[in-house]
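Undergrad: Quick check, what structure comes out for this input:
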Amino acid sequence: MRILSIVIPAFNEALNLPPVMATIPVTKLESAGWETEVLVVDNASTDGTGDVARSLGARVVLQPERGYGNAYHAGFAAATGDVIATGDADCTYPFDILPYLLRILVDRNVEFLTTNRLSRDNKDAMQALNSFGNHALSAVSRTLFHNGLRDSQSGMWVLHRHVWQSLDIRSTGMAFSQELKNAATLAGYRYIEVPIEYRKRGGEVKLHAIHDGMANLLQLFEHRLRKTRPQQLPTEVGLAEGTTAPHASRSGATR
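TA: Next up, the predicted model:
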């Protein structure tokens, strides 16, 4: 049986964790051949987030250095699975879709799966300013990195451990998400983007739209200008599962 590590960063999400944990389909995953470990990264919470996570059966990873990226660095380092899945602790991401996403990962033989929240069906779940910022950053990211991804900011991914272990991800804040996607696609890993449902957030909104948006914009240019370059070209570049967009492909060495 393969091991799936589900890594969830959490800063003051004690009230949201029970409904989030309830959506993780452990039994269905086990039936599909996946042993599941859930890691909640307590990112210096002050509301007992770690205690709630433990009471719900999660393994708690403490990360005293606040920051979205810092939480993921700690969580990925602690994960034991050969495949890692992610999502936020704020009720927005559909963890119940994980069996479907894992089937795509296996059946399509991809190494990195990311998700797209920016369909019209999800427009009521995201504030207008955040939606505009996500679309704008994603457009800039596509222009700079030529990977066709429609949602550079999505926080739900499924990836093989070896992908993470090979990448040089430097972001400690919200830019971690786009840097991971762009680094994985630049490195030549087989990838795909899948549309998902995006749900309304529970509790307090912690995103600082203007500040985080500008920081992410600057990070895109910094990343593009790095001296490091991919060692090989991807053998297949997927755009969006379930859409009519054509698949772009380039030939290159295989892993």
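Undergrad: rest of the way, CA atoms for contacts and neighbours
TA: OK.
Undergrad: Could you name the helices and strands sitting against the top helix by length along the chain?
TA: Secondary structure assigned by DSSP state H gives helix 128-145 as the longest helix of the chain. Helix 128-145 sits against helix 176-186, helix 209-224, with contacts defined as 3 or more Cα pairs under 8 Å, 6 or more residues apart in numbering; DSSP states H and E.
Undergrad: Can you list the low-confidence ranges for the stretch 1-150 of the chain?
TA: The stretch 1-150 of the chain contains no residues with pLDDT under 70.
Undergrad: Let me see the ranges of the helices in it.
TA: In the stretch 1-150 of the chain, the segments counted as helices under DSSP state H, counting those that start in this stretch are 17-22, 26-31, 49-55, 68-78, 98-107, 128-145.
Undergrad: Contacts for stretch 33-40, please.
TA: 1-10, 26, 29-30, 50, 53, 57-61, 75, 79, 81 (Cα atoms under 8 Å, 6 or more residues apart in numbering).
Undergrad: These, buried ones only, as a PyMOL selection?
TA: A single PyMOL command selects the buried members of these (16 or more other Cα atoms under 10 Å):
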select buried, resi 3+4+5+6+7+8+9+10+26+29+30+50+53+58+59+60+61+75+79+81
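Undergrad: picking up where we left off before, what's the angle from the longest helix of the chain to helix 209-224?
TA: Calculated by axes from the mean of the first three to the mean of the last three Cα atoms, to 10 degrees, helix 128-145 forms an angle of 10 degrees with helix 209-224.
Undergrad: Could you tell me how many residues sit around Ala209?
TA: A count of nearby residues for Ala209, using other Cα atoms under 10 Å, gives 14.
Undergrad: go on, Asn109?
TA: The local packing of Asn109 (other Cα under 10 Å) involves 12 other residues.
Undergrad: gap between it and Leu159?
TA: Distance of Asn109 to Leu159, given as Cα to Cα, to the nearest Å: 11 Å.
Undergrad: now Asp82
TA: Distance, Asp82 to Leu159, using Cα to Cα: 9 Å.
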